[in-house]
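In: Predicted model and sequence below, questions to follow.
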Amino acid sequence: MQDLNKSARYLNLQEVYPCPICQVGEIATMPLMEAMACQFCHHIFTANLEKQQLQMADRQPPLTWRWDGKSWSQRRLKDVEIGWGYTLGAIAFVILPTTLIGITVYARPPLLSSPLSWFPVFWMGLTFCLHLGIIAQLVIEFLDFPFWAYLNRKLQSIWQRSG
Ligand SMILES: [Zn+2]
């Protein structure tokens with residue numbers, strides 16, 4: 001297997017590249033086909049060698065990436081670049097409601113003698129988890145991200161390292 005961190009190289013159909021979806025597998029050209037596939041998450045891609053672009057073939061509208069010689073960059077959904085705005089929006093969606101509840105709890109702390117004194121903190125945790133869950137769900141659905149396979153692989157590597 002080739003060292004993927006070697007010097008910059010062009011996107012071509014003879015080599016293997018890291019998979020932009022799962023970050024775990026590698027994509028290589030399928031036998032007798034122009035398309036490339038990941039051996040781990042099984043997504044199929046088509047390469048545009050002229051533009052040095054990769055397009056997801058099994059998703060509509062397709063996601064595209066640009067190969068910069070070392071890694072995939074400029075992820076786009078059709079013509080829209082998915083930049084930091086979306087990431088910031090997602091973070092705000094998780095942080096803001098939790099913070100609001102946190103401020104309320106801090107400003108008006110419940111009486112410790114009250115039987116429901118645990119509730120505001122519980123509510124804060126629940127808000128955080130729910131909002132985080134919604135974002136995670138969106139990302140997983142959007143990318144068709146092989147979450148359980150990814151988690152499995154990560155846990156395996158942690159186990160192997162510790163054992
Ligand atoms: Zn993959």
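Out: Happy to help now that I have it.
In: neighbours around Cys22, how many?
Out: When neighbours are defined as other C-beta atoms under 10 Å, Cys22 has 22 of them. Every C-beta, even on glycine, is put in place using the N, C-alpha and C of the backbone.
In: Now do the closest residue to it other than its chain neighbours against Asp58, distance only.
Out: Leaving aside its sequence neighbours, Cys22 sits nearest to Cys41 (C-beta to C-beta, 6 or more residues apart in numbering; 4.1 Å). To Asp58, Cys41 is 11 Å away according to C-beta to C-beta, to the nearest Å.
In: Comparing these two, which residue is more hemmed in?
Out: Between Cys41 and Asp58, counted using other C-beta under 10 Å, the more crowded position is Cys41 (19 against 13).
In: Would it be right to say that the more buried one lies in a strand?
Out: No - secondary structure of Cys41 (DSSP: H, G, I helix; E, B strand; the rest coil): coil, not part of a strand.
In: Surely the residue nearest to Cys22 and Cys19 touch.
Out: Yes - using C-beta atoms under 8 Å, Cys41 is in contact with Cys19, at 6.4 Å.
In: what packs against the helix or strand encompassing Tyr86?
Out: Taking DSSP states H and E as the criterion, Tyr86 maps to helix 84-107. Helices and strands touching helix 84-107, by 3 or more C-beta pairs under 8 Å, 6 or more residues apart in numbering; DSSP states H and E, are helix 119-143.
In: Now do the helix it packs on: everything it contacts.
Out: Outside of helix 119-143, the residues within contact range by C-beta atoms under 8 Å, 6 or more residues apart in numbering are 21, 63, 90, 93-94, 97-98, 101-102, 104-105, 110, 145, 147.
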